[in-house]
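Enquirer: Predicted structure and sequence below. I'll ask about it afterward.
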Amino acid sequence: MAAFVPTRAAGLSRLREFTPKVARYSEDRDFDRPGNQAVSRLSPWIQRRLLTEPEVIGAVRQGHDWTAVEKFAQEVCWRTYWKGWMEYHPEAWSFYREAVTRLRRAPPAGYAEALAGRTGIDGFDSWAKQLVEEGWLHNHARMWFASIWIFTLRLPWELGADFFLRHLLDGDPASNTLSWRWVAGLHTRGKVYLAKADNIARHTGGRHRPEGRLAVDAQAVTEPPLPPAVTPWTPGPELATAPGPVGLWLHPEDLSPEVSLPGLPTPAVVVTGWSEAMAEEQAWDAKVVAFTQAALADAAGRAAETWGVPVETLRAPALGAAVAEWAQRRGLRSIVALRPWTGPWLEVARDLEAAGKAVGLTVRWGRRDWDTRLIPYSSRGFFPFWNEARAWLTSSLEPSPVVSSRVAPPSPAHADPPAGYTPTPSARTTHLNRIRNRRP
Ligand SMILES: Cc1cc2nc3c(=O)[nH]c(=O)nc-3n(C[C@H](O)[C@H](O)[C@H](O)COP(=O)(O)OP(=O)(O)OC[C@H]3O[C@@H](n4cnc5c(N)ncnc54)[C@H](O)[C@@H]3O)c2cc1C
């Protein structure tokens, strides 16, 4: 099975391979067959936005009518829906993290066996091992696994969600936490997802037959209701008006800054960073760390090439504060970035904002048009959200071939380099050539 290579080029190549298969997606997607050719396996790239949602849906639309791709587009939109729902209910994340910290201190009986895939339950044990080895599971395997974890093994859902998030290459605070809550009966209150042995046998082509081993009836997990929805963040002043010189902060939740971000000012420098303390606190597995760091390096390389500017990589326990201090030392007046979503990277962003304020640095967040349009519909159930998303997609999203790169339009007013920085002639030339050759 092809490995997940953490570059945008590899994601585009996977997208090209999948596009001709999309017409069979709706019929075949529920089957967890060896190789999983019926599903896209694009999630590690989409989660980090090494590929963006509009380009993924636009690519599969090429050569197919809407009905052939609708189911796939709907699944891509589930991801946006979960992200939006979490913005309205951030406590779904903070309460979950608190529970993980508490439960990790005194794990319940059976927890270690479940993690090691030593429960004796056919299917479950293989998925536990596949998750640790490969960092990816088919959607149905995730649902069956979560259901068995909660209702058969009777383990706390939070520890299962944590196991996923530590090992999944596509680990996403919103999709993961809220899917586990959905299986447990906490999202649609009282409505659980109960895995059945015959369904598992049928959808795995008979590879797994856990007859007689699964709970046959399930009590929904209960908890006090989450606090009422909050008003989610919405974009403030345009990124293009951030005072220059501007530094672009790249974080792992949006790694294609050169794709479809017309308002992004031309940065004078690109900054990325890593916090070992955060990685340790989240307990990310080594392969997740390696994948994320390589994806960051790939994005930084593309950004540097697109704008012909240098890249700075910081390593610090308190990354947000370190970026602000560094920006001040470099003579930058602003840091701009796509705003991270509820989860650990938003915490870094908040620290950056606070530290920036203390030193008089402007910190400005942007948001992609896709999110700005769709997030407002995600406060309720998925289907009202999908009605709006579908109407927008069918009226405005054009089919588009998979491309290898797209260059953001320049904004010369903000191209001034920071004090002390002299671009090399070759960097500047690459930048200008790219601008001249950019696609309309
Ligand atoms: C318990 C549980 C935990 C999950 N945790 C994550 C997670 O941490 N990160 C994550 O990206 N997805 C998560 N999912 C959703 C889904 O399982 C994966 O996105 C999907 O299996 C990825 O495989 P694919 O790229 O082949 O998907 P495809 O079926 O090819 O779908 C295309 C894209 O649509 C999106 N998508 C598809 N199904 C879903 C879904 N149900 N929810 C949200 N987005 C979806 C993904 O971006 C995916 O790449 C979880 C599902 C469950 C049941």
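Expert: That came in fine, so what should we check first?
Enquirer: Averaged pLDDT, stretch 96-105. What do you get?
Expert: Stretch 96-105 shows a mean pLDDT of 96.
Enquirer: Leaving out chain neighbours, which residue sits closest to Ser256?
Expert: Counting by C-beta to C-beta, 6 or more residues apart in numbering, Ser256 lies nearest to Arg49, which is 5.5 Å off, once chain neighbours are set aside. In this view, the C-beta of every residue, glycine as well, is placed from N, C-alpha and C.
Enquirer: Against Leu261, how distant is that neighbour?
Expert: Distance from Arg49 to Leu261, counting by C-beta to C-beta, to the nearest Å: 11 Å.
Enquirer: what about the two, which has more around it?
Expert: Shown here are Arg49 and Leu261; by other C-beta atoms under 10 Å, Arg49 has more neighbours (23 against 19).
Enquirer: got a pLDDT number for that one?
Expert: You'll see Arg49 listed with a pLDDT of 98.
Enquirer: What are the phi and psi values at Ala391?
Expert: Backbone geometry at Ala391, expressed as degrees, to the nearest 10, gives phi -60, psi -40.
Enquirer: Hmm, Arg350 is touching Ala318, no?
Expert: No. Counting by C-beta atoms under 8 Å, Arg350 does not reach Ala318; the two are 11.6 Å apart.
Enquirer: okay, those two: which has more neighbours?
Expert: Neighbour count, other C-beta under 10 Å: between Arg350 and Ala318, Ala318 has more, with 16 against 13.
Enquirer: what helix or strand does the nearest residue to that one once chain neighbours are set aside sit in?
Expert: In space, Ala318 comes closest to Asp351 once its chain neighbours are excluded; the distance is 6.3 Å by C-beta to C-beta, 6+ apart. Assigned by DSSP states H and E, Asp351 belongs to helix 344-358.
Enquirer: Just the residues contacting that helix, thanks.
Expert: Helix 344-358 has contacts (C-beta atoms under 8 Å, 6 or more residues apart in numbering) with 173, 249, 251-253, 275, 278, 281-282, 318-321, 323-325, 327, 335, 337, 339-340, 361-363, 365.
Enquirer: Could you rerun that using 7 Å?
Expert: Residues from elsewhere that reach helix 344-358 (C-beta atoms under 7 Å, 6 or more residues apart in numbering): 251-253, 278, 282, 318-321, 323-325, 335, 339-340, 363.
Enquirer: Just among those, which is most surrounded?
Expert: Greatest neighbour count in these, by other C-beta under 10 Å, goes to Val323: 30 neighbours.
Enquirer: What's the separation between that residue and Arg49?
Expert: Per C-beta to C-beta, Val323 is found 19 Å from Arg49.
Enquirer: repeat for Phe385
Expert: For Phe385, the distance to Arg49 - C-beta to C-beta - is 20 Å.
Enquirer: can you check Val56 too?
Expert: Distance from Val56 to Arg49, counting by C-beta to C-beta: 10 Å.
Enquirer: now do Val183
Expert: Distance from Val183 to Arg49, by C-beta to C-beta: 26 Å.
Enquirer: ok, now Tyr81?
Expert: Tyr81 sits 16 Å away from Arg49, going by C-beta to C-beta.
Enquirer: For the ligand, what is the nearest residue in the stretch 251-400 of the chain?
Expert: Of all residues in the stretch 251-400 of the chain, Phe382 sits closest to the ligand, at 9.6 Å by C-beta to the nearest ligand atom.
Enquirer: Get me the contact residues on the stretch 101-250 of the chain for the ligand.
Expert: Proximity of the stretch 101-250 of the chain to the ligand is confined to 138-139, 142-143, 146, 164, 168, 170-172, 175-176, 179-180, 183 under the rule C-beta under 6 Å from any ligand atom.
Enquirer: Of those - the most surrounded one?
Expert: Among those, the one with the most neighbours (other C-beta under 10 Å) is Val183, at 28 neighbours.
Enquirer: For that residue, which residues are in contact?
Expert: Applying C-beta under 7 Å, 6+ apart, we find Val183 in contact with Met143, Ala146, Ser147, Ile150, Val192, Tyr193.
Enquirer: How many residues are close by Arg333?
Expert: 19.
Enquirer: What separation do you get for it and Thr362?
Expert: Applying C-beta to C-beta to Arg333 and Thr362 gives a distance of 6 Å.
Enquirer: Quick check: neighbours shared by those two?
Expert: Between them, Arg333 and Thr362 share these contacting residues under C-beta under 7 Å, 6+ apart: Pro243.
Enquirer: Only alpha carbons, please: show stretch 303-317 as CSV.
Expert: Output in CSV follows, covering the C-alpha atoms of stretch 303-317 (Å, rounded to 0.1, in the frame of the first residue of the first chain):
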residue,chain,number,x,y,z
ALA,A,303,6.3,29.5,0.4
ALA,A,304,10.0,30.6,0.1
GLU,A,305,10.0,29.7,-3.5
THR,A,306,6.7,31.4,-4.3
TRP,A,307,7.7,34.7,-2.7
GLY,A,308,11.5,34.5,-3.0
VAL,A,309,12.0,35.0,0.8
PRO,A,310,13.9,33.3,3.5
VAL,A,311,12.4,30.8,6.0
GLU,A,312,13.2,30.8,9.7
THR,A,313,12.4,27.7,11.8
LEU,A,314,12.1,28.1,15.6
ARG,A,315,12.1,25.5,18.2
ALA,A,316,10.8,26.6,21.6
PRO,A,317,8.6,25.3,24.4
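Enquirer: That's all I had, so thanks and see you.
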